[in-house]
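Chemist: Sequence first, predicted coordinates after that:
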Amino acid sequence: MNAASETVAPSFAARESFIELTARERARRLLDAGTFRELLGPFDRLTSPWLPLQGIVCQADDGAIIARGSIDGEPAVVAAIESAFQGGSIGEVSGSKIAGALELALRDCERGRTVRPIIVFETGGVRLQEANLGLAVIAEIQAAIVALRRHVPVVGVIAGMVGCFGGMSLAAALCSRLIMTRQGRLGMNGPEVIEQEAGIEELDASDRRRIWQLIGGEQRVASGLADRLVDDDADAIAAAVREAFSAGVPPVHRSEAVGRYLSLLSRIDPDTATPESMRSVFGDRTANSKECE
Amino acid sequence: MSDTTALSRGQRWLRALAGEPIGAAPIWHADAPLGDEPARFIAVVPDPTNRFPRARDNVVGLEQGWHLAQAVRAVVEADAHAPRRRPIVAIVDVKSQAYGYREEMLGIHLACAAAVDAYASARLAGHPVVALIVGPAMSGAFLAHGYQANRILALDAPGTMVHAMGKEAAARVTRRCVEALDALGETITPMSYSLTGFAKLGLLDRLIEQVDADAPTQEQITRVHRALADAASSARADAADLSHRLDSDAARATRAASIEVRRRLALQWDAV
C-alpha cells in the first residue's frame, strides 16, 4: 500500500505549486529548462469558429497549449489544457491542437525519431457549445494515443483543480502512465452530472469528502487506476514525468488488461462495494502482476 | 420503447444482419458473412437483470465496456496470423454511458477506454471497422462503441441521432428548452442532433435512406448489408488511421479549423 501512495519528500527550498500555474507555465516547467517553444501560440489567432456564433468571447489559444522542447535531452511535446478558459472544455480547435500534436509525434516515431508526448489534463470534457465536434476531436485524440503509445510512453498528468472528466477521462485512461496529485480528480461523469441523471440518493454532489474518496488522486493511485501520487510541487511532477519516460512502454497497458479487470470486477459485490473495499481488490499488486503474465 | 418484451434496435439489427447472437446481454455478438468474407457484428443490448442497476438499459457501463473490448480482441487474436483481417461491425444503439456512484468507483472511464482501445487496435491491425448507427449514438457510449471506426454509416430514420449530451440534460445545463436546442442545431452545425447535421461535419460516410429502423423489410436489410460490405472494402483500401474523416468536401467546408490547425502545426513542428 505504501508503494502505491509514494510521494516525493518536499525539499527545504520553497516549493512551487504546479496547480497554480497556467497551462503555458505548466508546459514550460515540464520541459528541460530553456527548451520551451510554443506552437500555434496566441499570435496565430486560431480561435473557435463556433463560440462567436453563440455570443461567447474567444481566447487566442482556445485553451490548449502545445509546446515542443526536450525532456532529459530527448525531443518532447507537451499538450496542456488551460482550465481558466471555458473550464478546459474541448472544442474543435483546442482538441485538434492536441490530436494534431500527437499525430505529428506519431509521424516522427514512425520515421525512427522518438518524441516524448505529455498531456496535462484539466478538463470537464466536451465543450457543449461545440458538441459534436468536441466529441469527434476527442475520438481523434484517443485514436492518436493508442497509435502513439506503441512507440513511446504517453504520459498523462492530472494535477487539479478541475480534474479530468467526460470523454477526456477515457483519453487519460489510455495513457501509458498517469501521474496525479491529491487535488486531482479522475472520473467519467462529474458528480453534478451523476446527481442530475441518477438522483441525489445515488450521489450527493455537495458531499465533497465522499467525492474525493471516490475519484481523488489518492484513491485512483491506491487502486491502480493511476500510477504515481505526487505532491503539488512543480519539481516533483517534472521528476515523475521523467521517470515515467525512463521506465519505457509498459508491457501491458491498463486499457488492454481485459481479463484482469473482468476478473477483478467479478470479485466486487455492487451492493456492498465501497472505495475502501474496491481499493483492496483493485490495488492488490501481487495479484495484478500474476494475472498480467 | 416502454414495452420490455420488444427487441431493442441493436438486438433487432444484429439478428437481421448476422442471425442468432453468441454471448449474453449486455453484449451480443455474431459471426456472419459480409459480402464474400466472414465478419463479426457486435451490439450493446439491454440487460434488465444486470448486477449494476444503473447499467440495465442499452447504455455502456463497466461490464459493457470490458466485454466490448473482449468481443473485439477475440477477433483480433483469432486473425493475428491470417492473411486477411475480417471486418468488425459495431451496431450502435446506445443511449449514454452509465451514470452511477459504483460506476465511477470501479473505473467506468477505464472500462470505456478499454473498448476504445480494442476498436482502435483492431483498426490499426488492419480490420475494417464499420459503425452502423441504428438508434441513439450518445456521448461517451458512442466513443466506446463506434467512434473508432474507419467508416460510419447511419439509418435515416426517426430515433437515430449523434450527440455529446442527451437533449433533456443539455437543455437543463444550457438553460434552454428542447425546441430552442433544435433550432440552435439548425444554425450551428455541431449542435445538431440530426444525422443530416452530423453528415455536414464530414463524419458520416453514408446515410441510408428509406429504411424502417424498427421493422425492416428483407429488401431493406439486404441494402444495409450491401452498404456495410462496400464500407468495409473501402476501409480496407484506405489508411488505418482516422485521416479519412478530414478528407471530404463536407469536412473541408465545416471542419476547416481542424484542417488548418493540423496544417500550421506541421509547419511549426520542427524549429527553423
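Modeler: Cool, got the structure. All figures in this text were calculated on a predicted structure; none of them were measured in a lab. Numbering: from 1, shown residues only, chains lettered A, B, ... in the order given.

Chemist: so how far is the helix or strand encompassing residue A:103 from its chain's centroid?
Modeler: Remark: residue A:103 resides in helix A:92-110, with elements defined by DSSP states H and E. Relative to the mean C-alpha coordinate of its chain, helix A:92-110 is positioned 16 Å out (Cα atoms, centre = their mean, to the nearest Å).

Chemist: Show me how the record splits chain A into domains.
Modeler: Following automatic domain parsing, chain A resolves into domains at A:23-251, A:257-293.

Chemist: can you map out the helices along the stretch 51-200 of chain A?
Modeler: Using DSSP state H, counting those that start in this stretch, the helices of the stretch 51-200 of chain A run over residues A:92-110, A:131-148, A:167-174, A:191-198.

Chemist: Does anything pack onto the longest one? Which helices or strands?
Modeler: Contacts of helix A:92-110 with other secondary structure elements, assessed using 3 or more Cβ pairs under 8 Å, 6 or more residues apart in numbering or on different chains; DSSP states H and E, are made with strand A:64-71, strand A:74-81, strand A:116-121, helix A:131-148, helix B:256-269. C-beta: built from backbone N, CA, C; applies to glycine.

Chemist: so what's residue A:105 up against?
Modeler: By Cβ atoms under 8 Å, 6 or more residues apart in numbering or on different chains, residue A:105 lies in contact with A:77, A:115, A:117, A:148, A:152.

Chemist: So it versus residue A:99, what's the distance?
Modeler: Computed as Cβ to Cβ, to the nearest Å, the residue A:105 to residue A:99 distance reads 11 Å.

Chemist: circling back: I'd like the helices and strands packed on helix A:92-110 as TSV, with distance to residue B:205 and mean neighbour count appended.
Modeler: Putting those into TSV (distance: least, Cβ to Cβ, whole Å; neighbours: other Cβ atoms under 10 Å in any protein chain shown) gives the following:
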stretch	distance to residue B:205	mean neighbour count
strand A:64-71	28	24
strand A:74-81	29	24
strand A:116-121	29	27
helix A:131-148	14	27
helix B:256-269	17	18
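
Chemist: With distance to residue A:241 as new columns, can the ones you listed be given to me in JSON lines?
Modeler: Below are these laid out as JSON lines (distance: least, Cβ to Cβ, whole Å):
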{"stretch": "strand A:64-71", "distance to residue A:241": "7"}
{"stretch": "strand A:74-81", "distance to residue A:241": "9"}
{"stretch": "strand A:116-121", "distance to residue A:241": "6"}
{"stretch": "helix A:131-148", "distance to residue A:241": "16"}
{"stretch": "helix B:256-269", "distance to residue A:241": "21"}
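
Chemist: Tell me which of these approaches residue B:146 most closely.
Modeler: Closest approach to residue B:146 among the helices and strands packed on helix A:92-110 (Cβ to Cβ): helix A:131-148, 9.2 Å.

Chemist: Tell me where the model's unsure across chain B.
Modeler: Low-confidence segments of chain B (pLDDT under 70): B:1-5, B:272.

Chemist: Is there any residue in whichever strand or helix holds residue B:92 that contacts chain A?
Modeler: Here residue B:92 sits within strand B:88-94, counting by DSSP H and E. No: using Cβ under 8 Å from any Cβ of the partner chain, we find that strand B:88-94 stays clear of chain A, coming within 12.8 Å at best.

Chemist: Show the subsequent helix or strand relative to that strand.
Modeler: For strand B:88-94, the following helix or strand on the C-terminal side (DSSP H and E) is helix B:101-105.

Chemist: hey, C-alpha coordinates of that next one in CSV?
Modeler: What follows is helix B:101-105, C-alpha atoms only, in CSV (Å, rounded to 0.1, in the frame of the first residue of the first chain):
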residue,chain,number,x,y,z
TYR,B,101,-21.7,6.0,-7.9
ARG,B,102,-20.4,2.4,-8.3
GLU,B,103,-19.5,3.1,-12.0
GLU,B,104,-17.2,5.9,-11.0
MET,B,105,-15.8,4.0,-8.1
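
Chemist: The stretch 101-250 of chain B: strands as residue ranges?
Modeler: B:129-138, B:151-155, B:161-163, B:206-208 (DSSP state E, counting those that start in this stretch).

Chemist: isn't residue B:250 right up against residue B:205?
Modeler: No: counting by Cβ atoms under 8 Å, residue B:250 does not reach residue B:205; the two are 10.4 Å apart.

Chemist: follow-up on the earlier one: could you dump the helices of the stretch 51-200 of chain A to a markdown table with distance to residue A:260 and mean pLDDT?
Modeler: Formatted as a markdown table, the helices of the stretch 51-200 of chain A follow (distance: least, Cβ to Cβ, whole Å; pLDDT from 0 to 100):
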| stretch | distance to residue A:260 | mean pLDDT |
| --- | --- | --- |
| helix A:92-110 | 26 | 98 |
| helix A:131-148 | 18 | 98 |
| helix A:167-174 | 14 | 98 |
| helix A:191-198 | 26 | 92 |
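
Chemist: could you dump the ones you listed to CSV with distance to residue A:58?
Modeler: As requested, these are exported to CSV (distance: least, Cβ to Cβ, whole Å):
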stretch, distance to residue A:58
helix A:92-110, 9
helix A:131-148, 15
helix A:167-174, 21
helix A:191-198, 26
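
Chemist: so residue A:38, which of the three states?
Modeler: Secondary structure, DSSP: H, G, I helix; E, B strand; the rest coil: residue A:38 is strand.

Chemist: Please name the bridge partners of it.
Modeler: In this structure, residue A:38 bridges to residue A:67 when assessed by DSSP bridges.

Chemist: What about it, how many residues nearby?
Modeler: 19 (other Cβ atoms under 10 Å in any protein chain shown).

Chemist: again, but for residue A:85
Modeler: Neighbours of residue A:85 (other Cβ under 10 Å): 21.

Chemist: Likewise for the one 4 residues further on?
Modeler: Summarising burial for residue A:89: neighbours were counted as other Cβ under 10 Å, giving 24.

Chemist: That one: what's it in contact with?
Modeler: A:63, A:123-128, A:134.

Chemist: now swap in residue A:281 and tell me
Modeler: With contacts defined as Cβ under 8 Å, 6+ apart, residue A:281 is in contact with A:264, A:267-268.

Chemist: Buried ones only from the residues you listed, please, as a ChimeraX command.
Modeler: Command for ChimeraX, covering only those of those found buried under the criterion 16 or more other Cβ atoms under 10 Å in any protein chain shown:
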select /A:264,268
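
Chemist: Just send the contacts of residue A:281 back as a markdown table, with distance to chain B too.
Modeler: Converted to a markdown table, those look like this (distance: Cβ to the nearest Cβ, whole Å):
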| residue | distance to chain B |
| --- | --- |
| A:264 | 9 |
| A:267 | 11 |
| A:268 | 6 |
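
Chemist: Could you single out the nearest of the contacts of residue A:281 to residue B:82?
Modeler: Comparing the contacts of residue A:281 against residue B:82 with Cβ to Cβ places residue A:264 closest, at 31.4 Å.

Chemist: got the buried residues for the longest helix seen in chain B?
Modeler: Longest helix of chain B, by residue count under DSSP state H: helix B:218-236. Within helix B:218-236, the residues scored as buried using 16+ other Cβ under 10 Å are B:220, B:223-225, B:227-236.

Chemist: sorry, back to before: taking the strands of the stretch 101-250 of chain B together, which one is wrapped up most tightly?
Modeler: Comparing those by mean neighbour count (mean count of other Cβ atoms under 10 Å in any protein chain shown), strand B:129-138 comes out on top with a mean of 27.

Chemist: Residue A:115 contacts residue A:76, correct?
Modeler: Yes: using Cβ under 8 Å, residue A:115 is in contact with residue A:76, at 6.4 Å.
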